[in-house]
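Enquirer: 3D, please:
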Amino acid sequence: MQAEYKTIHRVFFAWNYPAEIEYLNKASEEGLQLVHGGCYSSKFIKDPDVRYRYQIDYGKIEDMGRYIETFREQGWEYINSTFNNWHYFRKAYDPTLPEEAYEIFTDRQSLNEMTRRWSRLALLIAFLAFCGNIMYLIDLIKRPSLPAALSFTAILIEVIVLVFGAIKIGKADARRSIKGDTALFTVFLVVLLAGLISGLTLKGMRPSFKTSQQASSVDQPKVEDRWADFTVKYADNYYLDLEMRSEKPMTFKVMSEKDGEIFSKTTEEFSEKDIRLKLPAGNYWLNMSAESGYFVDCKLQ
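Expert: Residues are numbered from 1 along each chain as shown. Predicted coordinates:
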């Protein structure tokens, strides 16, 4: 009969390794025996005829052969090690033995030092993310828009989650819940992905173009022109950079199919950046009229 394997994807935080041990023991009771432990996924074989108790050790081992032999002498079977120096062992379960028979010596000092390093790293990442988010905040104040607001909010929540996680990691000896860890990790990923995807999606939907027109009085002594049609897919603040020059006053307009004139400027010379236009969803175009030579350059984003 062909062996039946099952891969389960589940994230366990380093500081909550007792919860992973508890999970492996329960899986063994249900007939799933670990054949390869991992940080993000574990592989099991279905075998209801045996039952094991598991332990996980941490540390960088110089003499792996001697290390495994030491555990073997105490009745522990070596399963595998991960890239970050977690070592999985198991022992056949005997209900007549006391629970102390399934405990191992772990270098608690090394484990606690590792969790403290991760706590400091999480705080450093949170600090860098917070500093980066200040730039989003400045841009949001100067140029309010929905994508910028979403990006700022997502990063702010990530900073809060990172700080909370760093504090939790630092309490290496505290009793922790796997449900709480899973919820923390889920919130982090969901907010990160939702913020990135929604921000990029909305940014990609925004009308963005740069265009210009010019003519001399000889070529076009008088012009009335509709140009650069564009569509706004969602209501938001949009920003116009406009430069215009002419021999006589000329008029530049942003027109809406639904509401008519949205923005208008009549002058001989004008230059301004980040003109805020509050545009609802709809179809728009630019309109320009001049009675002499002119130049107009505009950028919308």
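Enquirer: Buried residues, the helix or strand hosting K91. List them.
Expert: Using DSSP states H and E, K91 maps to strand 86-92. Judged by neighbour count (16 or more other Cβ atoms under 10 Å), strand 86-92 contains these buried residues: 86-91. C-beta coordinates here come from the backbone N, C-alpha and C atoms, glycine included.
Enquirer: how far does the least confident helix or strand in the chain by mean pLDDT sit from the chain's center?
Expert: Using mean pLDDT, DSSP states H and E, helix 178-205 stands out as the lowest-scoring helix or strand of the chain, at a mean of 76. Relative to its parent chain, helix 178-205 has a centroid offset of 6 Å by Cα atoms, centre = their mean, to the nearest Å.
Enquirer: Could you list the residues in contact with the strand holding K91?
Expert: Strand 86-92 has contacts (Cβ atoms under 8 Å, 6 or more residues apart in numbering) with 14, 17, 28, 33-34, 37, 39, 50-59, 61, 67, 71, 75-81, 102, 104.
Enquirer: how much space between the residue nearest to the spatial centre of the chain and R53?
Expert: The chain has L192 as the residue nearest its centroid, 2.7 Å off, counting by Cα atoms, centre = their mean. Separation of L192 from R53 (Cβ to Cβ, to the nearest Å): 37 Å.
Enquirer: before we move on, what about K233?
Expert: Using Cβ to Cβ, K233 is found at 58 Å from R53.
Enquirer: Which one of the two is surrounded by more residues?
Expert: Set K233 next to R53 and count neighbours by other Cβ atoms under 10 Å: R53 wins out with 20 against 12.
Enquirer: tell me which residues form a beta bridge with the more buried one?
Expert: Here R53 sits in beta bridges with K91, going by DSSP bridges.
Enquirer: Look at it and report its pLDDT.
Expert: Here the pLDDT value assigned to R53 is 95.
Enquirer: check contacts around the closest residue to Q214 other than its chain neighbours.
Expert: Of all residues not flanking Q214 in the chain, F295 sits nearest, at 4.1 Å (Cβ to Cβ, 6 or more residues apart in numbering). By Cβ under 8 Å, 6+ apart, the contact list for F295 reads 212-214, 243-246.
Enquirer: let's see 10 Å
Expert: The contact partners of F295, by Cβ atoms under 10 Å, 6 or more residues apart in numbering, come to 212-216, 243-246, 250, 269.
Enquirer: Which strand residues bridge it?
Expert: Going by DSSP bridges, F295 forms beta bridges with Q214, R245.
Enquirer: mind checking how far it is from Y78?
Expert: In terms of Cβ to Cβ, F295 sits 78 Å off from Y78.
Enquirer: try K60
Expert: According to Cβ to Cβ, K60 and Y78 sit 16 Å apart.
Enquirer: Rounded mean pLDDT for stretch 162-169, please.
Expert: Here stretch 162-169 scores 75 as its mean pLDDT.
Enquirer: So for that stretch, what gets flagged as buried?
Expert: Within stretch 162-169, the residues scored as buried using 16+ other Cβ under 10 Å are 162-163, 165-166, 168-169.
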